[in-house]
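Participant: Predicted structure and sequence below. I'll ask about it afterward.
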Amino acid sequence: MRIGIDIKCLRYNNAGIGRYLRSILEALQKIDDQNEYVLFAPAKTPFIPTAKNFKVQVCKSEIRLPGILWQQSTLPGFIRENDIDIFWGPEQTLPVGNTGKALRVLTVHDLVYKRFPETMVKSVLWINRLFGNKSIEIADAICPVSEFTKSELFHFFPKIDPAKLHVVYNGANSLSTQSIAEQRGTNLLFVGSLEPRKNLSTLIRALEILHNNGQDIPLTITGPKGWRNKSIHNILSKTPIANNITHLGYVNDNELCELYRSCAAVIFPSLYEGFGLPVLEALAQKTPVLTTKDSAMEEIAGDFAVYFDAKDPESIASTIKSFYNNRTAVEQKLKEDAGLNKLLEHYSWENSARTLLELFESLTTRRNT
């Protein structure tokens with residue numbers, strides 16, 4: 001079986017989907033030495049496969065094109081030329097043109113362009129509207145990253161064939177696994193891009209409420225710069241708790257792991273996620289998590305996180321206060337409850353890769369019978 005994968009995002013994306021794709025590719029190389037993998041990119045990428053059955057093919061167009069236009073205009077011809085059996089689109093879009101015999105598999109991370117379009121950059125919004133909807137229509141199989149995202153697909157595409165949907169979860173074993181820190185700091189850690197749906201402004205208001213009541217909580221922020229973040233930067237510069245906030249920007253995996261291990265808790269107040277990877281990564285380090293109730297994060301973390309109403313700063317503030325009053329009990333549960341280890345074993349990148357590979361194999365078997 002020849003499997004083609006669109007890896008254009010690995011040219012520049014070190015977070016979010018970029019981390020997801022790198023982790024899946026690393027896991028696939030460990031478990032599959034039988035099938036051939038062709039990783040398509042419009043230009044040279046930093047990702048270098050280590051397995052002999054994986055190769056990167058740079059597919060240059062006559063003129064330099066934005067990634068989505070390259071995918072739609074140039075990539076289909078290379079898929080045909082490489083005699084690809086299965087083509088996987090990990091970024092929510094597929095080439096909609098003629099891809100020959102290739103069956104098309106699509107990963108859907110979330111449907112923010114349907115649920116919260118006002119939070120997106122216009123160009124990305126229109127890419128999703130133009131090619132995301134069409135990709136869902138033409139895909140032979142669709143892989144939502146959670147049951148929550150699967151339910152969103154049914155909500156926004158009520159005529160979708162349920163047999164097309166195959167949940168492939170994210171994992172959390174790509175960070176270093178040292179012994180768990182015995183002594184944590186006092187700070188909360190926010191991991192996420194500075195964009196509206198990550199809800200950092202409401203978190204700042206919650207910390208201001210605590211400050212006004214005599215409780216100052218240090219906050220560390222890390223993640224890519226995001227978009228539509230002018231108002232967030234204004235809030236960060238003018239808030240009376242500015243001295244309690246450290247903004248690190250993007251950090252690499254090892255640095256992020258150390259931040260998870262040394263903070264008091266990860267706080268993840270996002271209004272909308274398809275999965276919520278920082279929640280799982282934090283739990284993998286036995287780090288307490290405070291996050292949004294009635295969300296994908298509740299599906300993933302279950303009883304091992306503390307939840308609040310992300311739209312209500314008072315709810316966030318009271319949850320933070322309660323956590324600091326009960327830190328020891330929360331930390332002990334994460335260290336001693338065997339159920340957390342079972343949860344983490346379930347959400348591994350190797351399991352994700354194996355589920356994806358089984359789907360590829362079942363599709364080709366079904367076509368050949």
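Facilitator: Yes, it's here.

Participant: okay, and for this structure, where does confidence drop off?
Facilitator: Regions of the chain meeting the criterion pLDDT under 70 cover residues 13, 173-182, 226-229.

Participant: just the helices in the stretch 51-200 of the chain please.
Facilitator: Along the stretch 51-200 of the chain, the segments classed as helices by DSSP state H, counting those that start in this stretch run 67-73, 75-81, 112-115, 122-127, 133-138, 147-156, 200-212.

Participant: From the contact counts, what lies against the third one?
Facilitator: Other helices and strands packing on helix 112-115, by 3 or more C-beta pairs under 8 Å, 6 or more residues apart in numbering; DSSP states H and E, are helix 147-156. Where you see a C-beta, it was placed from the backbone N, CA and C, and this is true even at glycine.

Participant: And the longest one, by the same measure?
Facilitator: Using 3+ C-beta pairs under 8 Å, 6+ apart as the contact definition, the elements that helix 200-212 packs against are strand 219-222, helix 230-238, helix 313-325.

Participant: any chance of the ones you listed in JSON lines, plus mean neighbour count and distance to residue 122?
Facilitator: JSON lines is the format used below for these (neighbours: other C-beta atoms under 10 Å; distance: least, C-beta to C-beta, whole Å):
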{"stretch": "strand 219-222", "mean neighbour count": "20", "distance to residue 122": "25"}
{"stretch": "helix 230-238", "mean neighbour count": "13", "distance to residue 122": "15"}
{"stretch": "helix 313-325", "mean neighbour count": "18", "distance to residue 122": "29"}
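
Participant: Tell me which of the ones you listed sits nearest to residue 120.
Facilitator: Closest to residue 120 of the helices and strands packed on helix 200-212, according to C-beta to C-beta: helix 230-238, at 15.0 Å.

Participant: Pull the distance from the closest one to the chain's centre.
Facilitator: In terms of C-alpha atoms, centre = their mean, to the nearest Å, the centre of helix 230-238 is set 25 Å apart from its chain centre.

Participant: same question, stretch 77-89
Facilitator: Put simply, stretch 77-89 sits 25 Å off its chain's centre (C-alpha atoms, centre = their mean).

Participant: Do a quick rundown of the strands in the stretch 251-369 of the chain.
Facilitator: Under the criterion DSSP state E, counting those that start in this stretch, strands of the stretch 251-369 of the chain are mapped to 265-268, 289-292, 306-308.

Participant: just to revisit the earlier point, let me have the helices and strands packed on helix 200-212 in TSV, adding distance to residue 17 as columns.
Facilitator: Converted to TSV, those look like this (distance: least, C-beta to C-beta, whole Å):
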stretch	distance to residue 17
strand 219-222	18
helix 230-238	22
helix 313-325	27
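
Participant: Run through the residues that contact the nearest residue to residue 280 once chain neighbours are set aside.
Facilitator: Of all residues not flanking residue 280 in the chain, residue 172 sits nearest, at 4.1 Å (C-beta to C-beta, 6 or more residues apart in numbering). Counting by C-beta atoms under 8 Å, 6 or more residues apart in numbering, residue 172 touches 277, 280, 281, 283, 284, 344, 347, 348, 349.

Participant: Surely the first one is in contact with residue 20?
Facilitator: Read it as residue 277. Yes - using C-beta atoms under 8 Å as the test, residue 277 is close enough to residue 20 to be in contact (7.4 Å).

Participant: residues making contact with the biggest helix by length in the chain?
Facilitator: In the chain, assigned by DSSP state H, the helix with the most residues is helix 349-368. Contact with helix 349-368 is made by 1, 3, 23-24, 26-28, 30-32, 35, 85-86, 88, 103, 105, 140-141, 143, 166, 168-174, as judged by C-beta under 8 Å, 6+ apart.

Participant: and these, which are buried?
Facilitator: 1, 3, 23-24, 26-28, 32, 35, 85-86, 88, 103, 105, 140-141, 143, 166, 168-174 (16 or more other C-beta atoms under 10 Å).

Participant: among those residues, which are in strands?
Facilitator: 3, 86, 88, 103, 105, 141, 143 (DSSP state E).

Participant: among those, which two are most distant?
Facilitator: Spanning the widest gap among these are 3 and 143, at 13.9 Å by C-beta to C-beta.

Participant: Quick one, which of the helices of the stretch 51-200 of the chain gets closest to residue 256.
Facilitator: Smallest distance to residue 256 across the helices of the stretch 51-200 of the chain (C-beta to C-beta): 17.3 Å, for helix 200-212.

Participant: could I have the closest one exported to CSV, CA atoms only?
Facilitator: Provided in CSV are the C-alpha atoms of helix 200-212 (Å, rounded to 0.1, in the frame of the first residue of the first chain):
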residue,chain,number,x,y,z
LEU,A,200,-7.4,34.7,27.8
SER,A,201,-9.2,38.0,28.4
THR,A,202,-11.8,36.3,30.7
LEU,A,203,-9.0,34.6,32.6
ILE,A,204,-7.3,37.9,33.2
ARG,A,205,-10.6,39.3,34.5
ALA,A,206,-10.9,36.4,36.9
LEU,A,207,-7.3,37.0,38.2
GLU,A,208,-8.2,40.6,38.7
ILE,A,209,-11.2,39.6,40.8
LEU,A,210,-8.9,37.5,43.0
HIS,A,211,-6.4,40.4,43.1
ASN,A,212,-9.1,42.8,44.3
